[in-house]
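Asks: Quick check, what structure comes out for this input:
(one chain, ligands or ions: 1)
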Amino acid sequence: MRLDRYLAECGYGTRGEVKRIIGKGQVEKGGRIATDPGAHVLPGEPVSVMGREAVRKGPVYLAMNKPPGYVSATEDRGHPTVVSLLDQGEYGHCGLFPAGRLDLDVTGLLLLTNDGPFAHRLTSPRKAVPKTYVADLSERLGQAGAEALPRGLTLGDGHQTAPAMVWEMGGRRVALRLTEGKYHQVKRMFAAVGNNVERLVRVGVGGLWLNLGGLRAEFGPAGEASWGLGGAALDLGDMAIGTYRDIGTAGMEAALDG
Ligand code: URA
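Replies: Down below sits the predicted model:
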């Protein structure tokens, strides 16, 4: 394989960007500084960039319990990004980005990947992969809200929401499962029924599920059954906030299996 393509597949950027790195003399191939982007990398031949071994990685799928105060982006001027939480030695050159986004204050399940088509499927409105949230509201949901959310309602900007599943978990805590992901959608849906989200956590993406603080037990068996959270779901357990783990292709498939 050509050196420029090899480095691009290691996550060092586009072929053009990789050529610039080679031009700066930062790449070694077989123990010597490489100057030719078209040179062939032989099987097993060591390649390094600025002294660090360049390893070709396949697609990577990480599940993170996003902490508050982190932006779901690869770069930001004002706040730290979720990507900055990753071990740079292990993932710094994989080209990972968040597949979808959670607001700055929102916590819970966020997937990071370098698989563009997967991210597209996960977030595309046409694929309608369900996302499950647990919201602590300022008021009890009440009957009007409990009826309006499953029916679909009109947001402030005129958008008509698709029907959502609602599960009242007791007190002011409500779970909501949606198949759309418009800007601030959950907060705006509760605002449309005269309520306010005080705390929002995403607990499920497709068939992937975070069981934060044993939250799943709050659904009870009836809730689990009606939400399809039983057998088929891949339970990531109670991941500490700010941590992440590699979920591999099995996790990727579970996320798309809603
Ligand atoms: N809905 C919101 O309002 N915020 C999020 O981060 C996700 C869904």
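
Asks: ok, so what distance separates P43 from V49?
Replies: Applying C-beta to C-beta, to the nearest Å, the value for P43 to V49 is 19 Å. To be clear about C-beta, it is placed using only N, CA and C from the backbone, and glycine gets the same treatment.

Asks: Actually, G89.
Replies: Distance of G89 to V49, computed by C-beta to C-beta: 13 Å.

Asks: Within range of the ligand, give me the residues from this protein.
Replies: L102, D103, V106, H184, Q185, V186, K187, L200 (C-beta under 6 Å from any ligand atom).

Asks: Just the residues you listed: which are in helices?
Replies: By the criterion of DSSP state H, membership of these in helices covers Q185, V186, K187.

Asks: just the buried members of those residues?
Replies: For those, a burial check counting by 16 or more other C-beta atoms under 10 Å picks out Q185, V186, K187.

Asks: show me what contacts the closest residue to the first one other than its chain neighbours?
Replies: Excluding its sequence neighbours, the residue lying closest to Q185 (C-beta to C-beta, 6 or more residues apart in numbering) is L178, at 6.6 Å. The contact partners of L178, taken as C-beta atoms under 8 Å, 6 or more residues apart in numbering, are P130, K131, Y133, T161, A162, A164, Q185, V186, M189.

Asks: just to revisit the earlier point, between G89 and V49, which one's more packed in?
Replies: V49 (18 against 8; other C-beta atoms under 10 Å).

Asks: Against L176, how distant is that one?
Replies: 45 Å.

Asks: ditto for E218
Replies: Taking C-beta to C-beta, one finds E218 at 14 Å from L176.

Asks: likewise L42?
Replies: To L176, L42 is 54 Å away according to C-beta to C-beta.

Asks: So for these two, which residue has more residues nearby?
Replies: L176 (22 against 9).

Asks: Assign the more buried one to helix, strand or coil.
Replies: The three-state assignment at L176 reads strand, by DSSP: H, G, I helix; E, B strand; the rest coil.

Asks: So it sits against T161, correct?
Replies: No: when contacts are counted by C-beta atoms under 8 Å, L176 is not listed as touching T161 (10.7 Å).

Asks: Can you tell me the closest non-neighbouring residue to M1?
Replies: V41 (5.5 Å).

Asks: who touches the residue nearest to E53 when sequence neighbours are not counted in this structure?
Replies: In space, and not counting its chain neighbours, E53 is closest to P46: 6.6 Å by C-beta to C-beta, 6+ apart. Shown in contact with P46 (C-beta under 8 Å, 6+ apart): E28, K29, G30, G31, E53.

Asks: Next one: P46 from the ligand, what distance?
Replies: Going from P46 to the ligand by C-beta to the nearest ligand atom, to the nearest Å gives 43 Å.

Asks: so which helix or strand takes in the most centrally placed residue in the chain?
Replies: For the chain, the residue nearest the mean C-alpha position is L111 (2.2 Å; C-alpha atoms, centre = their mean). Using DSSP states H and E, L111 sits in strand 107-113.

Asks: Just checking the distance from that strand to the centre of its chain.
Replies: Mean-position distance between strand 107-113 and its chain equals 3 Å (C-alpha atoms, centre = their mean, to the nearest Å).

Asks: before we move on, the earlier item: neighbour-wise, which one of the contacts of P46 leads?
Replies: Of all those, the highest neighbour tally under other C-beta under 10 Å goes to K29, namely 22 neighbours.

Asks: Settle this for me: it is touching M1, isn't it.
Replies: No: judged on C-beta under 8 Å, K29 makes no contact with M1 at a distance of 11.5 Å.

Asks: Quickly list what's touching both of those two.
Replies: Joint contacts of K29 and M1 (C-beta under 8 Å, 6+ apart) are V41.

Asks: Quick check: nearest residue in space to R245, chain neighbours excluded?
Replies: Nearest non-adjacent residue to R245 (C-beta to C-beta, 6+ apart): A63, at 5.9 Å.

Asks: ok, that neighbour to the ligand distance?
Replies: 16 Å.

Asks: Can you show me the helices along this structure?
Replies: Going by DSSP H, the chain shows helices at 3-9, 15-23, 88-91, 116-123, 142-151, 185-192, 215-226, 248-256.
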